[in-house]
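Peer 1: Need the 3D shape of this:
(2 chains)
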Protein chains: 2
Amino acid sequence: MIPFKYSLIFLLSLPLLDAGVVKEFPYGTLPSERPNMELSKSMERVYEDYPAVHPELNELFSRFKYTPITGLDYNNYDGTISRRDSSKVIKVDGKYYVYYTRRKTEVPPKGNHGPNRGTEGATDTIPSRDWDLAEIWYATSEDGFTWTEQGVAVPRPEKPNAGWRSVSTPDILIWEGKYYIYYQAYYDIPGSRGGDFCPVSASVSDSPDGPFMPSNQIVLENGSEGAWDQFVIHDPYPLVYNGKIYLYYKGEMGGSPHSRAQGLAIAEHPFGPFKKHPLNPVINSGHETALFPFRGGIAAIVSRHGHEHNTIQWSPDGANFEIAAITSLLPIAPGAFIPDAFTNTDDGRGITWGLCHFRNQGLPDHNHSFLARFDCDLSLDIHDIEMKETDIFNHPEIYFQFGLSEKQKERIKGTHKSK
Amino acid sequence: MIPFKYSLIFLLSLPLLDAGVVKEFPYGTLPSERPNMELSKSMERVYEDYPAVHPELNELFSRFKYTPITGLDYNNYDGTISRRDSSKVIKVDGKYYVYYTRRKTEVPPKGNHGPNRGTEGATDTIPSRDWDLAEIWYATSEDGFTWTEQGVAVPRPEKPNAGWRSVSTPDILIWEGKYYIYYQAYYDIPGSRGGDFCPVSASVSDSPDGPFMPSNQIVLENGSEGAWDQFVIHDPYPLVYNGKIYLYYKGEMGGSPHSRAQGLAIAEHPFGPFKKHPLNPVINSGHETALFPFRGGIAAIVSRHGHEHNTIQWSPDGANFEIAAITSLLPIAPGAFIPDAFTNTDDGRGITWGLCHFRNQGLPDHNHSFLARFDCDLSLDIHDIEMKETDIFNHPEIYFQFGLSEKQKERIKGTHKSK
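Peer 2: Numbers count the residues shown, from 1 in each chain, chains lettered A, B, ... in the order given. From the prediction side, this is the model:
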């Protein structure tokens, strides 16, 4: 299976290049084979860098569509209930399951917004951030649009166990008939230690409905001193690939400007030991990155942060990712329904929908997040032309929502005067 | 001047690579020099493919902010007045000038929406499309926010001269003290001949206020039969580079899926003859693409259509473009203020603002476009950190605006039932 053509084209194109022949690039649908003529770097990329010659034919290009989901109560969105960080969606006995961070607190988070705020105002019952004093809950659905909350999947353990303060940001693995939830386990108020430090732990159950028994261990260790992931390991994300458990995660490197990247750790048992990939970080951008088996490799939805935000990527080996498509308005913290996430497939079929979240709603006084549904065509098994449009009309009000700040207006006023 | 580091890094990195050494990528601000260790393909790109290690440090990364402009009347946006296709903004004697397509017709365009609609309903006074029965007008401004329309710059000539039906989509060149406007000159109703065929013509004046005298000639010929640009040459866009006139333009290749790309033609006189670049097309994506001198090369804002929509690109030679940054919510049909567009600079300084348009407003009955202002930091001379954020919060309503179609809902319902 050669989804990217460049291996073949590269070999063919060299002897065909002839700088002495000047031709005009042909009219009509882009030829699927590289024309026998010298090409600009840009046109070379059409043949070398993308899985197909046109986004409409590119199985890893999609736009995204969004639908509110029904069935979950948010107490009039007053900030006391929050749901975020959707896991992958799984299907068991004809029913969809999703796991997520759920916070229900007397009051909304205090001083929550921004990555480097402190913990002022937080108490044993008052959260510092949206994911403080949270638990992992789950919901089920027949159709993916209406969801019924079933209860807690991973409660907070007794102090001082990891997670006593908060358990958040779950993802799910099915391995040898058992269900494993990975999550961030806080034993500090999120925001203390100058960041958002938490080990990654995991719990296991024989059923998607639980009960989930804690491993009571750190399954993924932070990097050693000086390593890119020494302080932050977030968003644990397991897949089954090459007969092993591939656990992707986000590290934050600190500094200014602040960089985030994605790492990979591999194990033969869900509780580890996990061995970090020697090429880490494996994705130079992203935050809450979703991945899925695709053809013989692994694809990634890189939504937020960095040079390669707004891209869909693909790697032949789970470790060396290339940009396969550029898109926009990607889901935040997507958790997709991936039928072959755990089948150890070497012919991944892709995804068409999942859940995501909208965060920082009701700021500053009613801060919370809520879950929503996204749809896309990143699947080899459907061809939905409505998802393949690169030219998307936005209403002008969307643009004007992003207006100049007062500081910028002052700068511009000065420029116009001085020149 | 080496804006892209890879030429240097490539030479340095080979002897430093040592597959036997396994190190962890360092914590903190991304090192500006490639670490001496094996890297994933993704981390290699940080050092090879982008002008800096982080978007905040990348002079060719910017987000865009938008501001309505004042001073131009649109007859209550009833579709009888349209302004679109802003030229570059120029500054003469302390005053900004912009040229644009202006349509003022008794009624809005008939059957206008979509690229391949016919001309039904169009008459000598009823337009087929938003750019039918149009003229090139111009406006001036002291501050770039408030504009005063000054009148017509290029009227429609008498039938049967090219442009008798409509003149549209202007751009401006200053060359040896004279002002040249390039434009699409229709002698058919736009939409006839199965497309949007029009030659590119030009007019000249000693003053930015005109009068502009028509060249009465086609300055850029369509490609020969079978060439990618045989039917469509749109959006002529002149710059001065290497002592010559570099005229960029959009061609549409037809077929399904439909591809658009950007070509380049070079001349030593504004009226030609223009010689098309042998590597055309030079940009594989885009529509109404704006370009500007940047360092020793040419940068491009590639807004719409194709694999590389939503990118800022750069070429060292005006012909071989590489992606320099991925961004979102780019201006449509931008016309930037480019102080060094015509100075034959080999140290282009970039841009901070311009005008763009919002089109297809009031569809289907009041179709028109209007001009607005965009700001950005694609300049070597300012550093506006607010423009360097890759993680942009959109309101959920923006996402929900892009909901599933009825057809898609049916498809999904079937999927959920069958599995």
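
Peer 1: Leaving out sequence neighbours, find the closest residue to the residue in the stretch 101-250 of chain A that chain B sits nearest to.
Peer 2: At 3.7 Å from chain B, residue A:227 is the closest residue in the stretch 101-250 of chain A, using CB to the nearest CB. No exception for glycine: its C-beta is placed from N, CA and C like everyone else's. Excluding the flanking residues, the one nearest residue A:227 by CB to CB, 6 or more residues apart in numbering or on different chains is residue B:24, at 3.7 Å.

Peer 1: Just to check, the one you found is in contact with residue A:225?
Peer 2: No: at 9.6 Å, residue B:24 does not count as touching residue A:225 under the criterion of CB atoms under 8 Å.

Peer 1: returning to that earlier point: can you give me the neighbour number for the residue of the stretch 101-250 of chain A closest to chain B?
Peer 2: 19 (other CB atoms under 10 Å in any protein chain shown).

Peer 1: Same check on residue A:73?
Peer 2: Residues near residue A:73, counting by other CB under 10 Å: 9.

Peer 1: before we move on, what about residue A:46?
Peer 2: The burial count for residue A:46: 25, using other CB under 10 Å.

Peer 1: pretty sure it contacts residue A:55?
Peer 2: No: assessed by CB under 8 Å, residue A:46 is found out of contact with residue A:55, at 10.7 Å.

Peer 1: Mind listing the shared neighbours of these two?
Peer 2: By CB atoms under 8 Å, 6 or more residues apart in numbering or on different chains, residue A:46 and residue A:55 have these common neighbours: residue B:307.

Peer 1: In the longest helix that chain A contains, which residues are buried?
Peer 2: The helix that spans the most residues within chain A, counting by DSSP state H, is helix A:406-418. Buried residues in helix A:406-418, counted by 16 or more other CB atoms under 10 Å in any protein chain shown: A:408, A:411-412, A:415-416.

Peer 1: Can I get that helix in PDB, CA atoms only?
Peer 2: C-alpha atoms of helix A:406-418 as PDB (Å, rounded to 0.1, in the frame of the first residue of the first chain):
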ATOM      1  CA  GLU A 406      -6.600  49.100  21.600                       C
ATOM      2  CA  LYS A 407      -2.800  48.600  21.700                       C
ATOM      3  CA  GLN A 408      -2.800  47.700  18.000                       C
ATOM      4  CA  LYS A 409      -5.000  50.700  17.100                       C
ATOM      5  CA  GLU A 410      -2.400  53.000  18.800                       C
ATOM      6  CA  ARG A 411       0.500  51.400  16.900                       C
ATOM      7  CA  ILE A 412      -1.400  51.800  13.600                       C
ATOM      8  CA  LYS A 413      -2.300  55.400  14.300                       C
ATOM      9  CA  GLY A 414       1.300  56.100  14.800                       C
ATOM     10  CA  THR A 415       2.300  54.400  11.600                       C
ATOM     11  CA  HIS A 416      -0.200  56.300   9.500                       C
ATOM     12  CA  LYS A 417       0.900  59.600  11.000                       C
ATOM     13  CA  SER A 418       4.600  59.100  10.700                       C
END
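
Peer 1: so what secondary structure elements neighbour it?
Peer 2: strand B:348-361 (3 or more CB pairs under 8 Å, 6 or more residues apart in numbering or on different chains; DSSP states H and E).

Peer 1: Give the buried residues for the strand it packs on.
Peer 2: For strand B:348-361, using 16+ other CB under 10 Å, the buried residues are B:348-359, B:361.

Peer 1: Which single one of these is nearest to chain A?
Peer 2: Nearest to chain A among the buried residues of strand B:348-361, with distances taken as CB to the nearest CB, is residue B:358, at 4.4 Å.

Peer 1: shouldn't that closest one be in contact with residue A:399?
Peer 2: Yes: using CB under 8 Å, residue B:358 is in contact with residue A:399, at 7.4 Å.

Peer 1: Please list the residues of the stretch 51-200 of chain A that sit near chain B.
Peer 2: A:54-58, A:61, A:63-68, A:91, A:142-144 (CB under 8 Å from any CB of the partner chain).

Peer 1: ok, 7 Å please
Peer 2: A:54-57, A:65-68, A:143-144 (CB under 7 Å from any CB of the partner chain).

Peer 1: Write out the residues of the stretch 301-419 of chain A neighbouring chain B.
Peer 2: A:304-311, A:319-322, A:326, A:328-329, A:358, A:360, A:372, A:375, A:384, A:386, A:390-391, A:393, A:396, A:398-400, A:402-405, A:408, A:411-412, A:416.

Peer 1: Which among these count as buried?
Peer 2: A:304-311, A:319-322, A:326, A:328-329, A:358, A:372, A:375, A:384, A:390, A:396, A:398-399, A:402, A:404, A:408, A:411-412, A:416.

Peer 1: Reformat the buried residues of helix A:406-418 as JSON lines; add pLDDT.
Peer 2: Output for the buried residues of helix A:406-418, formatted as JSON lines (pLDDT from 0 to 100):
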{"residue": "A:408", "pLDDT": "89"}
{"residue": "A:411", "pLDDT": "88"}
{"residue": "A:412", "pLDDT": "88"}
{"residue": "A:415", "pLDDT": "75"}
{"residue": "A:416", "pLDDT": "74"}
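
Peer 1: pLDDT weak spots in the stretch 101-250 of chain A?
Peer 2: A:111-117, A:193-195 (pLDDT under 70).

Peer 1: follow-up on the earlier one: and of the buried residues of strand B:348-361, the nearest to residue A:249?
Peer 2: residue B:350 (37.2 Å; CB to CB).
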